[in-house]
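1. Give me coordinates for this.
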Amino acid sequence: MESIAFSPENKALQSLVDSYYLVSETEMREVSTIPNGRVDGAIVLEGSIEWFFPSKQSFVPLPSCSFFGLSNTTNRARVPYPIRCISIKFFPHVLALPVFKGIRLTEPIAFHDVFHDSAGEEQFIQHLRHASGPTTCLPVLEDYLIRHLVPDARAQWLGTIIETIEASEETPTISELALRAGVSVKTLERRFIGAIGLTPKQYLRIVQLQKAARLIRRQTTGLNRGDLAESLGGGYYDQSHFVKACRSITGLTPKQLFTSLPDAMTDLIL
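-> Presented below is the predicted three-dimensional model:
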């Protein structure tokens, strides 16, 4: 699997989108996605993605453009044919925007079910299919997103909390976050669950692991070494603490996890 990472350039989208990936795979793959503290979007340019729905106990083809909500568990998917797609990592406060009002992302949902713009979506995909790489697809991608995602004051409180968590070197406490939001701990927890479907504590644990994963990606090659202590940060006390957290969230040891991940990505297990 090949993935090329690129960043948002539109200033309005930089507060909503963490990163983009242009992903391609020439063989059939079954994958697991691990919690990443992001709302994911997938735009399929060639091939298809099939998602495993536990309620149906089967894989079901997804629409060409789909949102995937935050999760505290692993999810299964597969690509039955060669695929080329764009993966979008949204910050979770995107869910507090008016366009998502009344929508709970407990399962994947099509872009057109959120944006109510089927004709525009098809034209959008056609334009992206003719793009040769990140540089040429970025203007098309961001023009579409900015037209459908309009920031609103109702997202500001959650955006402030997410920015605080992302910018902190040490993991903040729930009490500190509640103080920053100007509400009680119980009110923060209720609002957080209502907006993104996870408790603040669950989100903190996932973001903490992803921060460590990105740091390890930069400092090590393939994680062949057994000692991770010098690569850790962001609130883990020692290697044992990190191993326990990794197993709790992903079901894998750090070595199993990082030897399974595609290049550059920290949330997809082959």
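2. distance of Ile161 from His130?
-> Distance of Ile161 to His130, computed by C-beta to C-beta, to the nearest Å: 39 Å. The way it works is simple: take the backbone N, C-alpha and C, and place the C-beta from them, glycine included.
3. of the two, who's got more company?
-> More crowded of Ile161 and His130, by other C-beta atoms under 10 Å: Ile161, with 23 against 10.
4. where exactly do the helices run in the stretch 151-270 of the chain?
-> 156-167, 174-181, 185-196, 200-219, 239-250, 254-260 (DSSP state H, counting those that start in this stretch).
5. what's the spatially most central residue of the chain in contact with, if anything?
-> Nearest to the mean C-alpha position of the chain, by C-alpha atoms, centre = their mean, lies Arg38 at 3.1 Å. Counting by C-beta atoms under 8 Å, 6 or more residues apart in numbering, Arg38 makes contact with Asp18, Leu70, Lys89, Phe90, Phe91, Pro92, Asp267.
6. Check the burial of Phe157 by counting its neighbours.
-> Not Phe; residue 157 is Trp. When counting by other C-beta under 10 Å, one arrives at 18 neighbours for Trp157.
7. How about Gly102?
-> Neighbour tally, Gly102, other C-beta under 10 Å: 5.
8. Against Ala96, how distant is it?
-> In terms of C-beta to C-beta, Gly102 sits 12 Å off from Ala96.
9. Ile249 is in contact with Leu209, correct?
-> Yes: here Leu209 reaches Ile249: they are 5.4 Å apart, a contact under C-beta atoms under 8 Å.
10. Need the overlap of contacts for those two.
-> Pro35.
11. Tell me which of the two has more neighbours.
-> Between Leu209 and Ile249, counted using other C-beta under 10 Å, Leu209 has the larger neighbour count: 26 against 21.
12. any idea how far that one is from Pro254?
-> 10 Å.
13. Specify the beta-bridge partners of Glu2.
-> Counting by DSSP bridges, Glu2 forms beta bridges with Ser24.
14. Ok, Glu46 next?
-> Bridge pairing for Glu46 - DSSP bridges - gives Arg84.
15. pretty sure it is touching Arg84, no?
-> Yes: if you go by C-beta under 8 Å, Glu46 and Arg84 touch, sitting 4.2 Å apart.
16. Which residue of these two possesses the greater neighbour count?
-> More neighbours surround Arg84 than the other of Glu46 and Arg84, with 17 against 11 (other C-beta under 10 Å).
17. Tell me who's in contact with Val60.
-> Glu50, Trp51, Phe52, Phe53 are the contacts of Val60 under C-beta under 8 Å, 6+ apart.
18. Next, count neighbours for the last one.
-> Neighbourhood size, Phe53 [other C-beta under 10 Å]: 14.
19. Enumerate the positions of the helix or strand that Arg147 is a member of that are buried.
-> Assigned by DSSP states H and E, Arg147 belongs to helix 134-148. Using 16 or more other C-beta atoms under 10 Å as the test for burial, helix 134-148 gives Pro134, Cys137, Leu138, Val140, Leu141, Glu142, Tyr144, Leu145, His148.
20. Columns distance to Glu9 on top of the residues you listed, output as CSV?
-> Putting the buried residues of helix 134-148 into CSV (distance: C-beta to C-beta, whole Å) gives the following:
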residue, distance to Glu9
Pro134, 10
Cys137, 12
Leu138, 6
Val140, 12
Leu141, 10
Glu142, 7
Tyr144, 14
Leu145, 11
His148, 17
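21. Among those residues, give me the pair with the biggest separation.
-> With distances taken as C-beta to C-beta, the most widely separated pair in the buried residues of helix 134-148 is Pro134 and His148, at 20.5 Å.
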